[in-house]
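Engineer: The following comprises the amino acid sequence and a computationally predicted model.
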Amino acid sequence: MADIAFLLLIFFLAATTMDSDTGLLRQLPEIPDPNVPQDVNQINDRNILEVKVNKDNLLLVEGELTEFSQLRDITSRFIVNADNLPDMPEKEIVNLPYFGDVPVSKAVISLQNDIGTKYGVYIAVQNELIAARAKLRDDLAKQEFGIAYERLDEERKGAVDDFYKVPISEAEPKRIGEK
Amino acid sequence: MARFVKTGKKSVKAISTSSLPDIVFMILFFFMAVTTMRETDVMVTVRIPDATEGKILEKKSLASFIYIGEPLETFQALYGTEPKIQLNDSFKEIIDIQDFIAQEREQLNEADKTKMLVVLKIDRDTRMGVVTDVKQALRRASALKIMYANTNVDQITLHQ
(Lines give C-alpha, C1' and ligand atoms only; values in the text may rest on other atoms or scores of the structure.)
Protein backbone atom coordinates (compact mmCIF):
# COMPACT_ATOMS: atom_id res chain seq x y z
CA MET A 1 0.00 0.00 0.00
CA ALA A 2 2.67 2.43 1.02
CA ASP A 3 4.61 1.65 -2.15
CA ILE A 4 1.69 2.55 -4.35
CA ALA A 5 1.11 5.74 -2.41
CA PHE A 6 4.78 6.64 -2.73
CA LEU A 7 4.61 6.03 -6.45
CA LEU A 8 1.65 8.36 -6.83
CA LEU A 9 3.27 10.93 -4.60
CA ILE A 10 6.42 10.97 -6.69
CA PHE A 11 4.37 11.27 -9.87
CA PHE A 12 2.59 14.33 -8.52
CA LEU A 13 5.82 15.87 -7.31
CA ALA A 14 7.31 15.56 -10.78
CA ALA A 15 4.30 16.52 -12.89
CA THR A 16 2.97 19.54 -11.05
CA THR A 17 4.06 23.01 -10.10
CA MET A 18 3.19 24.94 -7.00
CA ASP A 19 3.79 28.54 -7.98
CA SER A 20 0.80 30.78 -8.43
CA ASP A 21 1.14 33.48 -11.04
CA THR A 22 0.86 37.14 -10.18
CA GLY A 23 0.93 40.04 -12.57
CA LEU A 24 -0.22 43.50 -13.54
CA LEU A 25 -3.56 43.38 -15.33
CA ARG A 26 -3.85 45.74 -18.28
CA GLN A 27 -6.32 46.35 -21.06
CA LEU A 28 -4.88 47.07 -24.48
CA PRO A 29 -6.69 49.63 -26.64
CA GLU A 30 -8.45 48.39 -29.74
CA ILE A 31 -6.86 49.00 -33.11
CA PRO A 32 -8.55 52.17 -34.36
CA ASP A 33 -10.78 51.67 -37.37
CA PRO A 34 -9.19 53.52 -40.32
CA ASN A 35 -12.63 54.31 -41.74
CA VAL A 36 -13.71 56.21 -38.66
CA PRO A 37 -12.14 59.65 -38.37
CA GLN A 38 -10.21 60.04 -35.13
CA ASP A 39 -10.73 62.98 -32.86
CA VAL A 40 -7.30 64.45 -32.55
CA ASN A 41 -6.38 66.44 -29.45
CA GLN A 42 -9.65 65.67 -27.75
CA ILE A 43 -7.88 65.58 -24.41
CA ASN A 44 -6.75 68.91 -23.07
CA ASP A 45 -2.99 69.06 -22.61
CA ARG A 46 -3.23 70.02 -18.93
CA ASN A 47 -5.03 66.75 -18.20
CA ILE A 48 -2.23 64.55 -19.50
CA LEU A 49 0.70 63.46 -17.38
CA GLU A 50 3.34 62.48 -19.85
CA VAL A 51 5.64 59.77 -18.54
CA LYS A 52 8.45 58.58 -20.72
CA VAL A 53 11.21 56.03 -20.27
CA ASN A 54 14.02 56.44 -22.78
CA LYS A 55 16.50 53.96 -24.15
CA ASP A 56 18.95 54.62 -21.32
CA ASN A 57 16.18 53.72 -18.87
CA LEU A 58 15.92 57.33 -17.68
CA LEU A 59 12.58 58.62 -16.54
CA LEU A 60 11.09 61.81 -17.94
CA VAL A 61 7.92 63.25 -16.45
CA GLU A 62 6.42 66.10 -18.51
CA GLY A 63 9.76 66.33 -20.28
CA GLU A 64 11.82 66.69 -17.13
CA LEU A 65 14.36 64.19 -15.86
CA THR A 66 12.93 62.68 -12.68
CA GLU A 67 14.11 60.26 -10.04
CA PHE A 68 12.24 56.98 -10.07
CA SER A 69 11.50 57.24 -6.34
CA GLN A 70 9.56 60.49 -6.84
CA LEU A 71 7.24 59.17 -9.51
CA ARG A 72 4.56 57.86 -7.17
CA ASP A 73 4.32 61.20 -5.33
CA ILE A 74 4.26 63.27 -8.49
CA THR A 75 1.54 61.08 -9.96
CA SER A 76 -0.79 61.25 -7.00
CA ARG A 77 -0.26 65.01 -6.64
CA PHE A 78 -1.06 65.41 -10.32
CA ILE A 79 -4.24 63.37 -10.08
CA VAL A 80 -5.58 65.10 -6.98
CA ASN A 81 -4.59 68.67 -7.96
CA ALA A 82 -5.53 69.86 -4.48
CA ASP A 83 -4.86 73.55 -5.19
CA ASN A 84 -6.67 73.60 -8.56
CA LEU A 85 -3.57 74.81 -10.36
CA PRO A 86 -4.12 75.84 -13.99
CA ASP A 87 -1.45 73.49 -15.38
CA MET A 88 -2.83 70.44 -13.57
CA PRO A 89 -5.94 68.43 -14.54
CA GLU A 90 -9.36 70.07 -14.62
CA LYS A 91 -12.22 68.78 -12.57
CA GLU A 92 -15.72 68.00 -13.62
CA ILE A 93 -18.72 67.80 -11.32
CA VAL A 94 -20.08 64.28 -11.64
CA ASN A 95 -22.93 62.62 -9.81
CA LEU A 96 -21.66 59.35 -8.38
CA PRO A 97 -23.55 56.81 -6.27
CA TYR A 98 -22.58 57.04 -2.55
CA PHE A 99 -20.72 60.32 -3.15
CA GLY A 100 -23.31 62.63 -4.69
CA ASP A 101 -22.08 65.55 -6.77
CA VAL A 102 -18.33 65.59 -6.52
CA PRO A 103 -15.51 67.18 -8.53
CA VAL A 104 -13.76 64.37 -10.41
CA SER A 105 -10.30 64.82 -11.80
CA LYS A 106 -10.04 64.34 -15.57
CA ALA A 107 -6.41 63.25 -15.36
CA VAL A 108 -4.97 60.83 -17.91
CA ILE A 109 -1.55 59.26 -17.70
CA SER A 110 0.29 58.62 -20.91
CA LEU A 111 3.17 56.17 -20.75
CA GLN A 112 5.70 56.08 -23.54
CA ASN A 113 8.80 54.04 -24.03
CA ASP A 114 11.62 53.74 -26.53
CA ILE A 115 12.40 50.59 -28.40
CA GLY A 116 15.55 50.09 -26.33
CA THR A 117 13.94 50.52 -22.92
CA LYS A 118 14.43 47.55 -20.64
CA TYR A 119 11.25 45.65 -19.90
CA GLY A 120 12.05 45.49 -16.16
CA VAL A 121 12.24 49.29 -15.92
CA TYR A 122 9.07 49.71 -17.95
CA ILE A 123 7.19 47.39 -15.59
CA ALA A 124 8.60 49.20 -12.55
CA VAL A 125 7.30 52.51 -13.92
CA GLN A 126 3.96 50.98 -14.83
CA ASN A 127 3.81 49.58 -11.32
CA GLU A 128 4.44 52.98 -9.74
CA LEU A 129 1.62 54.54 -11.75
CA ILE A 130 -0.80 51.77 -10.80
CA ALA A 131 0.35 52.00 -7.18
CA ALA A 132 -0.28 55.76 -7.03
CA ARG A 133 -3.81 55.30 -8.33
CA ALA A 134 -4.48 52.33 -6.05
CA LYS A 135 -3.29 54.34 -3.03
CA LEU A 136 -5.70 57.19 -3.81
CA ARG A 137 -8.59 54.76 -4.24
CA ASP A 138 -7.72 52.99 -1.02
CA ASP A 139 -7.52 56.28 0.91
CA LEU A 140 -10.87 57.33 -0.47
CA ALA A 141 -12.47 54.01 0.45
CA LYS A 142 -11.16 54.28 3.99
CA GLN A 143 -12.30 57.87 4.34
CA GLU A 144 -15.76 57.27 2.86
CA PHE A 145 -16.65 53.75 3.93
CA GLY A 146 -14.13 53.06 6.67
CA ILE A 147 -12.80 49.90 5.05
CA ALA A 148 -9.98 49.04 2.67
CA TYR A 149 -10.67 49.21 -1.06
CA GLU A 150 -9.99 45.50 -1.53
CA ARG A 151 -12.82 44.59 0.81
CA LEU A 152 -15.51 46.79 -0.73
CA ASP A 153 -18.40 45.20 -2.65
CA GLU A 154 -18.57 45.57 -6.43
CA GLU A 155 -20.93 48.57 -6.41
CA ARG A 156 -18.87 50.61 -3.98
CA LYS A 157 -15.70 49.59 -5.76
CA GLY A 158 -17.21 50.87 -9.00
CA ALA A 159 -18.06 54.21 -7.41
CA VAL A 160 -14.52 54.60 -6.07
CA ASP A 161 -13.12 53.59 -9.48
CA ASP A 162 -15.21 56.29 -11.11
CA PHE A 163 -13.98 58.87 -8.62
CA TYR A 164 -10.36 58.17 -9.57
CA LYS A 165 -10.72 56.81 -13.08
CA VAL A 166 -7.32 57.96 -14.33
CA PRO A 167 -6.77 55.81 -17.40
CA ILE A 168 -3.16 54.81 -17.96
CA SER A 169 -2.77 54.84 -21.70
CA GLU A 170 0.05 53.37 -23.64
CA ALA A 171 0.76 55.64 -26.55
CA GLU A 172 0.94 54.25 -30.05
CA PRO A 173 4.46 52.93 -30.38
CA LYS A 174 7.10 54.93 -32.19
CA ARG A 175 10.11 53.13 -33.48
CA ILE A 176 12.81 55.33 -32.04
CA GLY A 177 15.89 54.79 -29.91
CA GLU A 178 16.97 51.56 -31.54
CA LYS A 179 20.14 50.17 -30.01
CA MET B 1 20.69 2.82 43.97
CA ALA B 2 19.90 -0.58 42.67
CA ARG B 3 16.94 0.85 40.95
CA PHE B 4 19.08 2.59 38.37
CA VAL B 5 21.12 -0.42 37.41
CA LYS B 6 19.78 -1.90 34.24
CA THR B 7 19.45 -5.59 34.25
CA GLY B 8 19.12 -7.90 31.38
CA LYS B 9 19.33 -7.17 27.64
CA LYS B 10 17.33 -4.24 26.39
CA SER B 11 15.07 -5.36 23.60
CA VAL B 12 14.54 -2.79 20.81
CA LYS B 13 11.16 -3.10 19.19
CA ALA B 14 10.91 -2.29 15.50
CA ILE B 15 8.79 0.79 14.77
CA SER B 16 5.41 -0.22 13.48
CA THR B 17 5.00 0.65 9.80
CA SER B 18 1.31 -0.03 9.68
CA SER B 19 0.50 3.70 9.65
CA LEU B 20 2.96 4.50 6.90
CA PRO B 21 0.40 4.29 4.05
CA ASP B 22 -1.83 6.73 5.90
CA ILE B 23 0.97 9.24 6.25
CA VAL B 24 2.07 8.93 2.65
CA PHE B 25 -1.51 9.27 1.43
CA MET B 26 -1.86 12.38 3.53
CA ILE B 27 1.19 13.93 1.87
CA LEU B 28 -0.10 12.78 -1.52
CA PHE B 29 -3.46 14.46 -1.04
CA PHE B 30 -1.73 17.61 0.15
CA PHE B 31 0.26 17.81 -3.07
CA MET B 32 -2.75 16.99 -5.20
CA ALA B 33 -4.65 19.84 -3.62
CA VAL B 34 -2.07 22.62 -3.72
CA THR B 35 -0.33 22.04 -7.04
CA THR B 36 -1.35 22.41 -10.65
CA MET B 37 -0.26 20.42 -13.68
CA ARG B 38 2.83 21.63 -15.48
CA GLU B 39 1.78 22.45 -19.01
CA THR B 40 4.71 23.69 -21.00
CA ASP B 41 8.43 23.35 -20.67
CA VAL B 42 9.91 26.80 -20.74
CA MET B 43 12.77 26.97 -23.22
CA VAL B 44 13.84 30.54 -22.54
CA THR B 45 15.38 32.17 -19.48
CA VAL B 46 12.68 34.25 -17.90
CA ARG B 47 13.52 36.24 -14.81
CA ILE B 48 10.24 38.06 -14.43
CA PRO B 49 10.40 41.62 -13.09
CA ASP B 50 9.49 42.73 -9.57
CA ALA B 51 6.43 44.79 -8.77
CA THR B 52 4.33 45.62 -5.74
CA GLU B 53 0.86 45.79 -7.28
CA GLY B 54 0.57 42.35 -8.89
CA LYS B 55 -2.77 40.57 -8.71
CA ILE B 56 -3.09 36.81 -8.44
CA LEU B 57 -4.09 35.00 -11.61
CA GLU B 58 -7.27 33.31 -10.55
CA LYS B 59 -8.53 31.33 -13.52
CA LYS B 60 -5.59 29.59 -15.07
CA SER B 61 -7.85 27.87 -17.58
CA LEU B 62 -8.62 31.22 -19.23
CA ALA B 63 -4.98 32.17 -19.55
CA SER B 64 -2.63 31.67 -22.46
CA PHE B 65 1.06 32.15 -21.91
CA ILE B 66 3.64 33.91 -24.03
CA TYR B 67 7.26 33.62 -22.97
CA ILE B 68 9.96 35.97 -24.17
CA GLY B 69 13.61 35.74 -23.25
CA GLU B 70 17.04 34.46 -24.15
CA PRO B 71 16.92 30.81 -25.27
CA LEU B 72 18.30 28.30 -22.78
CA GLU B 73 21.92 27.27 -23.29
CA THR B 74 20.97 24.00 -24.99
CA PHE B 75 19.07 25.91 -27.68
CA GLN B 76 21.59 28.70 -28.13
CA ALA B 77 23.60 26.85 -30.78
CA LEU B 78 20.47 26.75 -32.92
CA TYR B 79 18.66 29.96 -32.02
CA GLY B 80 21.35 32.33 -30.78
CA THR B 81 21.15 34.56 -27.72
CA GLU B 82 18.74 37.22 -28.93
CA PRO B 83 15.38 37.18 -27.10
CA LYS B 84 12.94 34.76 -28.71
CA ILE B 85 9.21 34.28 -28.39
CA GLN B 86 7.98 30.93 -27.16
CA LEU B 87 4.39 29.87 -27.79
CA ASN B 88 3.37 26.47 -26.43
CA ASP B 89 6.42 24.29 -26.96
CA SER B 90 8.30 25.96 -29.76
CA PHE B 91 10.01 29.18 -30.75
CA LYS B 92 7.84 31.34 -32.94
CA GLU B 93 7.84 34.72 -34.67
CA ILE B 94 5.60 37.76 -34.26
CA ILE B 95 3.41 36.75 -37.22
CA ASP B 96 2.56 33.42 -35.54
CA ILE B 97 0.92 35.15 -32.58
CA GLN B 98 -2.33 35.77 -34.41
CA ASP B 99 -2.72 32.06 -35.19
CA PHE B 100 -1.73 31.11 -31.68
CA ILE B 101 -4.39 33.39 -30.18
CA ALA B 102 -7.04 32.07 -32.56
CA GLN B 103 -6.10 28.53 -31.62
CA GLU B 104 -6.16 29.23 -27.89
CA ARG B 105 -9.48 31.02 -28.19
CA GLU B 106 -10.93 28.04 -30.04
CA GLN B 107 -10.22 25.86 -27.01
CA LEU B 108 -12.31 27.99 -24.68
CA ASN B 109 -16.04 27.72 -24.06
CA GLU B 110 -18.25 30.11 -25.97
CA ALA B 111 -19.05 31.96 -22.75
CA ASP B 112 -15.39 32.34 -21.78
CA LYS B 113 -14.12 33.60 -25.12
CA THR B 114 -14.43 37.23 -24.13
CA LYS B 115 -12.68 36.63 -20.84
CA MET B 116 -9.55 35.29 -22.43
CA LEU B 117 -6.39 36.55 -20.80
CA VAL B 118 -2.89 36.54 -22.23
CA VAL B 119 -0.13 36.31 -19.66
CA LEU B 120 3.18 37.77 -20.81
CA LYS B 121 6.14 36.20 -19.09
CA ILE B 122 9.02 38.34 -20.22
CA ASP B 123 12.59 38.51 -19.05
CA ARG B 124 13.38 41.77 -17.29
CA ASP B 125 16.36 42.53 -19.53
CA THR B 126 14.40 42.22 -22.76
CA ARG B 127 14.27 45.40 -24.84
CA MET B 128 10.84 46.93 -25.26
CA GLY B 129 10.97 46.68 -29.06
CA VAL B 130 10.00 43.01 -29.02
CA VAL B 131 7.42 43.58 -26.31
CA THR B 132 5.77 46.39 -28.26
CA ASP B 133 5.66 44.23 -31.39
CA VAL B 134 3.97 41.45 -29.42
CA LYS B 135 1.49 43.91 -27.94
CA GLN B 136 0.63 45.21 -31.39
CA ALA B 137 0.16 41.65 -32.63
CA LEU B 138 -2.16 40.96 -29.71
CA ARG B 139 -4.17 44.06 -30.56
CA ARG B 140 -4.51 42.90 -34.14
CA ALA B 141 -5.66 39.49 -32.84
CA SER B 142 -8.04 41.39 -30.54
CA ALA B 143 -6.74 39.69 -27.43
CA LEU B 144 -6.89 42.86 -25.38
CA LYS B 145 -6.79 41.58 -21.82
CA ILE B 146 -3.21 41.06 -20.88
CA MET B 147 -1.23 40.49 -17.74
CA TYR B 148 2.43 41.32 -17.26
CA ALA B 149 3.66 38.53 -15.05
CA ASN B 150 5.76 39.67 -12.12
CA THR B 151 6.92 38.58 -8.72
CA ASN B 152 5.37 40.48 -5.89
CA VAL B 153 7.85 42.21 -3.59
CA ASP B 154 7.57 44.86 -0.90
CA GLN B 155 10.10 47.21 -2.40
CA ILE B 156 11.31 47.51 -5.95
CA THR B 157 15.01 47.70 -6.64
CA LEU B 158 15.76 48.76 -10.20
CA HIS B 159 18.22 46.66 -12.18
CA GLN B 160 19.43 49.19 -14.69
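Structural biologist: Okay, I see it.
Engineer: sec struct for A:A5, please.
Structural biologist: helix (DSSP: H, G, I helix; E, B strand; the rest coil).
Engineer: what's the nearest residue to it if we skip its chain neighbours?
Structural biologist: Once flanking residues are discounted, A:A5 sits nearest to B:V24: 3.9 Å by Cβ to Cβ, 6 or more residues apart in numbering or on different chains. To be clear about C-beta, it is placed using only N, CA and C from the backbone, and glycine gets the same treatment.
Engineer: So what touches the helix or strand where the one you found lies?
Structural biologist: For B:V24, the host element (DSSP states H and E) is helix B:20-34. Identification of contacts with helix B:20-34 by Cβ atoms under 8 Å, 6 or more residues apart in numbering or on different chains yields A:M1, A:A2, A:A5, A:F6, A:L8, A:L9, A:F12, A:L13, A:T16, A:M18.
Engineer: Remind me which helix or strand the fifth one belongs to.
Structural biologist: Element membership for A:L8 (DSSP H and E) is helix A:2-15.
Engineer: what lines up beside the next helix or strand after that helix in the sheet?
Structural biologist: The helix or strand immediately downstream of helix A:2-15 is strand A:16-17, counting by DSSP H and E. Strand pairing for strand A:16-17, determined by DSSP bridges: strand B:36-37 (antiparallel).
Engineer: For chain B, which residue gets nearest to chain A?
Structural biologist: Nearest residue of chain B to chain A, counting by Cβ to the nearest Cβ: B:R124, 3.1 Å away.
Engineer: Just give the closest residue to that residue, not the sequence neighbours.
Structural biologist: Among residues not flanking B:R124 along the chain, A:G120 sits closest, at 3.1 Å (Cβ to Cβ, 6+ apart).
Engineer: mind putting the contacts of helix B:20-34 in a markdown table, neighbour count and pLDDT included?
Structural biologist: Converted to a markdown table, those look like this (neighbours: other Cβ atoms under 10 Å in any protein chain shown; pLDDT from 0 to 100):
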| residue | neighbour count | pLDDT |
| --- | --- | --- |
| A:M1 | 11 | 79 |
| A:A2 | 16 | 81 |
| A:A5 | 19 | 84 |
| A:F6 | 16 | 86 |
| A:L8 | 16 | 87 |
| A:L9 | 20 | 86 |
| A:F12 | 17 | 84 |
| A:L13 | 13 | 84 |
| A:T16 | 14 | 81 |
| A:M18 | 9 | 73 |
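Engineer: Please enumerate residues in contact with the worst-scoring helix or strand of chain A on mean pLDDT?
Structural biologist: Across the helices and strands of chain A, mean pLDDT, DSSP states H and E gives its lowest value to strand A:16-17, namely a mean of 78. Under the contact criterion Cβ under 8 Å, 6+ apart, strand A:16-17 has outside partners B:F31, B:T35, B:T36, B:M37, B:R38.
Engineer: That one: what's the following helix or strand?
Structural biologist: On the C-terminal side of strand A:16-17, the nearest following helix or strand under DSSP H and E is strand A:22-27.
Engineer: following that next one, which helix or strand comes up?
Structural biologist: Next helix or strand after strand A:22-27 toward the C-terminus (DSSP H and E): strand A:48-53.
Engineer: What helices and strands are in contact with that next one?
Structural biologist: In terms of contacts (3 or more Cβ pairs under 8 Å, 6 or more residues apart in numbering or on different chains; DSSP states H and E), strand A:48-53 is packed against strand A:59-61, helix A:71-80, strand A:108-113, helix A:119-145.
Engineer: ok and the following helix or strand past the second one relative to helix A:71-80, angle-wise?
Structural biologist: Looking back up the chat, that one is helix A:71-80. Downstream of helix A:71-80, the next assigned helix or strand under DSSP H and E is strand A:91-96. Angle of strand A:91-96 versus helix A:71-80, following axes from the mean of the first three to the mean of the last three Cα atoms, to 10 degrees, is 80 degrees.
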